[in-house]
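> Sequence and computational prediction follow.
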Amino acid sequence: MNNYGYTQDLWTQMSSTLETEVSAITFDVWIKALEVDQIEDGKLVLIAPTAKAREFVVNRYFDLIKRVMKQHNSLLNELEILDPDGLESRPVDSKQLMVSKLLQPTQSTTSTVLHNNNSKYETTVLNRKYNFDTFVVGKSNQLVHATAMSVAADPGKRYNPLFIHGGVGLGKTHIMHAIGNAVVDRALKNNEQMPRVLYVSSEQFTNEFIESIKSGSQINNSFRDKYRKADVLMVDDVQFFGNKEGTQEEFFHTFNELYNAGKQIVLTSDRPPKEIGSLADRLQSRFECGVIVDVQSPDLETRIAILKKKAQLDNQYIPDDILIFMAERIDKNIREMEGLFNKVVLLSQLDKVSPNTDMVQIALKDFEEKSQGIVTMDTIVDITCNYFKLDRTEVMGKKKTKDIAEARQVCMYLITDILNVPLATIGTLFGGRDHTTVMHARNKVADNIRDNSRYKSIGYKTMIQDIKDMILNK
Ligand code: ADP
Ligand code: MG
């Protein structure tokens, strides 16, 4: 479920139910103060305004909130309530949860591979749901699947590096985790020493690299150790290495060391190596020296099979004709198709009737807005800066001049409105700001929209809508 609007709606609905379950004062003081952050891997994340408030709510109302959550969406199985600091300590990549959080005993779908050398960089996390059993094979991905299986069977031996490229939401990350999970499972099964399987997004690698040089003129050894001692290193979305010279250089050395030691390297990207802008030639040639495979958009048959598998994994009964109806309507992005599926399940639970085509039509409306092109945080910032005729670096920077601060707030608001990105991630993008700053910015713009008295000439609300339309290409 990767729909910010949906997450907000769910929380609004949950709040109304909670209001009937607790006293008015409890509701006003404790429940209303919670903010919804995101839904990830079947887990709803809420944020309390302070650590104390969190403690209080967790002690007294955790079970109640969880029950209400399940009542509104039985697909959700975990609830997490964070305080502002808890949120801040999360790594930048929202897909990567901190090890400490994952070690909670209730977590059943995600496993961690933790290497105990006291390095502060240890955050290796594999999503257990992304394995070969849950990966549906069809014409569009059979080559990737076969190559990945053979890499998992024999890491570092046959296809090294394995470079997987293809469009958004087509299963690159899934297959990468599947390789890692297979390697870990084999070691567990055979009672062998646990191999160091490391999954990281290219952004996280970059951020850790930058962090590590900040701490001194020498690159921090624990950073180097972490990556250069991996048995299987998987770096997701390496297209973001483009333009980052220092990171490329560091990665080049990491790559060579692992490669020479016969360790497996797996990389993904949204495009082939030669199309990654500003990638040093020597790194490009390293990326190309193993095997390059691409994932294509799945055909209808595969899409139906993926939805059937999902229904089965989630224990949802959905009539075949409805699955086909959904599969026919979203053809390029499996993640969106899953989002549609989740929304339809939710609608059917709210109405207490089995899923039908009307629900699919309603759920689709949400996607039509969002699937007009791939919108990223960068697109939103670029278009907003362009609209206000301001310099992007200034808006992303520290300046507090009125017009710059205002554009910054609009950027933050639009990112929360359009994308499902945790507030802390947005804060990081804007020069390491606190998530409360982002929350404040978002609320301020939302207030301005409601009150609509600013920018009398066009109206504040229209202005925001105009920018949003440009972003969504309408
Ligand atoms: P990418 O990394 O290419 O953007 P992901 O790996 O994140 O895409 O896949 C998006 C979603 O679609 C994930 O939930 C993933 O489990 C699902 N998915 C993709 N391909 C398949 C497949 N062949 N079988 C089952 N699920 C898939
Ligand atoms: Mg991915």
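Arrived safely, thanks for sending. Ligands and ions are numbered 1, 2, ... in the order given.
> What is the distance between stretch 320-332 and the centre of its chain?
In terms of C-alpha atoms, centre = their mean, to the nearest Å, the centre of stretch 320-332 is found 24 Å from the chain centre.
> Name the residues that touch it?
For stretch 320-332, the surrounding residues in contact (C-beta atoms under 8 Å, 6 or more residues apart in numbering) are 167, 169, 297, 300, 303-304, 306-308, 311, 336-337, 340-341, 344, 355-357, 360, 364, 367, 371. Every residue, glycine included, has its C-beta placed from N, CA and C.
> go on, stretch 41-52?
By C-beta under 8 Å, 6+ apart, stretch 41-52 touches 7, 10-11, 33-39, 54, 57, 65, 69, 75-85, 87, 109-110, 127, 129, 422-423, 435.
> Now which of those would you call buried?
Among the contacts of stretch 41-52, those classed as buried by neighbour count (16 or more other C-beta atoms under 10 Å) are 7, 10-11, 34-39, 54, 57, 65, 69, 75-84, 87, 110, 127, 129, 422-423, 435.
> Keep only those of those residues that are in helices.
Counting by DSSP state H, the buried ones among the contacts of stretch 41-52 place 7, 10-11, 54, 57, 65, 69, 84, 87, 423, 435 in helices.
> Could you export those as JSON lines, including pLDDT and distance to Phe325?
Shown next, in JSON lines, are these (pLDDT from 0 to 100; distance: C-beta to C-beta, whole Å):
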{"residue": "Thr7", "pLDDT": "86", "distance to Phe325": "25"}
{"residue": "Leu10", "pLDDT": "90", "distance to Phe325": "24"}
{"residue": "Trp11", "pLDDT": "94", "distance to Phe325": "29"}
{"residue": "Arg54", "pLDDT": "88", "distance to Phe325": "43"}
{"residue": "Val57", "pLDDT": "88", "distance to Phe325": "41"}
{"residue": "Ile65", "pLDDT": "95", "distance to Phe325": "34"}
{"residue": "Met69", "pLDDT": "93", "distance to Phe325": "28"}
{"residue": "Pro84", "pLDDT": "78", "distance to Phe325": "43"}
{"residue": "Leu87", "pLDDT": "61", "distance to Phe325": "39"}
{"residue": "Leu423", "pLDDT": "86", "distance to Phe325": "35"}
{"residue": "His435", "pLDDT": "88", "distance to Phe325": "39"}
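> Turn those residues into CSV, columns for distance to Arg450.
Conversion of these to CSV gives the following (distance: C-beta to C-beta, whole Å):
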residue, distance to Arg450
Thr7, 20
Leu10, 22
Trp11, 18
Arg54, 28
Val57, 27
Ile65, 27
Met69, 28
Pro84, 25
Leu87, 26
Leu423, 20
His435, 22
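> I'd like to know which of these is nearest to ligand 2.
Checking those against ligand 2 by C-beta to the ion gives Thr7 as the nearest, at 20.0 Å.
> Quick check, that closest one in contact with Met14.
No. With contact defined as C-beta atoms under 8 Å, Thr7 does not count as touching Met14 (10.6 Å).
> Could you pick out the residues of this structure near ligand 2 for me?
For the chain, the contact set with ligand 2 under C-beta under 5 Å from the ion comprises 172-173.
> Just the closest residue of the chain to ligand 2, please.
In the chain, the residue that lies nearest ligand 2 is Thr173 (3.3 Å; C-beta to the ion).
> Look at the closest residue to that residue other than its chain neighbours and report its pLDDT.
Among residues not flanking Thr173 along the chain, Asp236 sits closest, at 5.7 Å (C-beta to C-beta, 6 or more residues apart in numbering). Per-residue pLDDT puts Asp236 at 96.
> Please apply the same query to Glu208.
With respect to pLDDT, Glu208 has a value of 88.
> Isn't it up against Arg224?
No. Proximity of Glu208 to Arg224 does not meet the contact threshold set by C-beta under 8 Å, at 10.4 Å.
> Compare those two (neighbour count), which wins?
More crowded of Glu208 and Arg224, by other C-beta atoms under 10 Å: Glu208, with 22 against 18.
> Is the more buried one in a helix, a strand, or coil?
Taken by DSSP: H, G, I helix; E, B strand; the rest coil, the conformation at Glu208 corresponds to helix.
> I'd like to know how far the closest residue to ligand 1 within the stretch 1-150 of the chain sits from Phe251.
Of all residues in the stretch 1-150 of the chain, Val136 sits closest to ligand 1, at 3.6 Å by C-beta to the nearest ligand atom. Between Val136 and Phe251 the computed distance is 32 Å (C-beta to C-beta, to the nearest Å).
> which of these two has more neighbours?
Neighbours per residue, other C-beta under 10 Å: of Val136 and Phe251, the larger number sits with Phe251, 24 against 19.
> if I look at that one, how far off is Phe205?
Taken as C-beta to C-beta, the span from Phe251 to Phe205 is 7 Å.
> For those two, list the residues in contact with both.
With C-beta under 8 Å, 6+ apart, Phe251 and Phe205 have common neighbours Val235.
> all strands of the stretch 201-350 of the chain, in order?
Assigned by DSSP state E, counting those that start in this stretch, the stretch 201-350 of the chain shows strands spanning 232-236, 264-269, 291-295.
> Redo these as TSV? Include mean neighbour count and distance to Asp331.
Listed next are the strands of the stretch 201-350 of the chain as TSV, based on neighbours: other C-beta atoms under 10 Å; distance: least, C-beta to C-beta, whole Å:
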stretch	mean neighbour count	distance to Asp331
strand 232-236	25	24
strand 264-269	26	21
strand 291-295	19	14
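> for the stretch 101-250 of the chain, what spans make up the helices?
142-153, 172-189, 202-214, 221-228, 245-260 (DSSP state H, counting those that start in this stretch).
> Convert the C-alpha atoms of stretch 192-208 to PDB, please.
What follows is stretch 192-208, C-alpha atoms only, in PDB (Å, rounded to 0.1, in the frame of the first residue of the first chain):
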ATOM      1  CA  GLU A 192      26.800 -23.000   7.800                       C
ATOM      2  CA  GLN A 193      28.300 -19.800   8.900                       C
ATOM      3  CA  MET A 194      26.000 -16.900   8.000                       C
ATOM      4  CA  PRO A 195      27.200 -15.200   4.900                       C
ATOM      5  CA  ARG A 196      27.400 -11.400   4.900                       C
ATOM      6  CA  VAL A 197      24.500 -10.500   2.700                       C
ATOM      7  CA  LEU A 198      24.200  -6.800   2.300                       C
ATOM      8  CA  TYR A 199      21.400  -5.000   0.600                       C
ATOM      9  CA  VAL A 200      21.600  -1.200   0.300                       C
ATOM     10  CA  SER A 201      20.000   1.500  -1.900                       C
ATOM     11  CA  SER A 202      22.500   3.600  -3.800                       C
ATOM     12  CA  GLU A 203      21.200   6.600  -1.900                       C
ATOM     13  CA  GLN A 204      22.000   5.000   1.400                       C
ATOM     14  CA  PHE A 205      25.400   4.000   0.200                       C
ATOM     15  CA  THR A 206      26.000   7.700  -0.800                       C
ATOM     16  CA  ASN A 207      24.700   9.100   2.400                       C
ATOM     17  CA  GLU A 208      26.800   6.800   4.500                       C
END
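> tell me which residues in that stretch are buried?
195-208.
> any idea which of these is closest to ligand 1?
Looking across the buried residues of stretch 192-208 and measuring by C-beta to the nearest ligand atom, the closest to ligand 1 is Ser201, at 10.1 Å.
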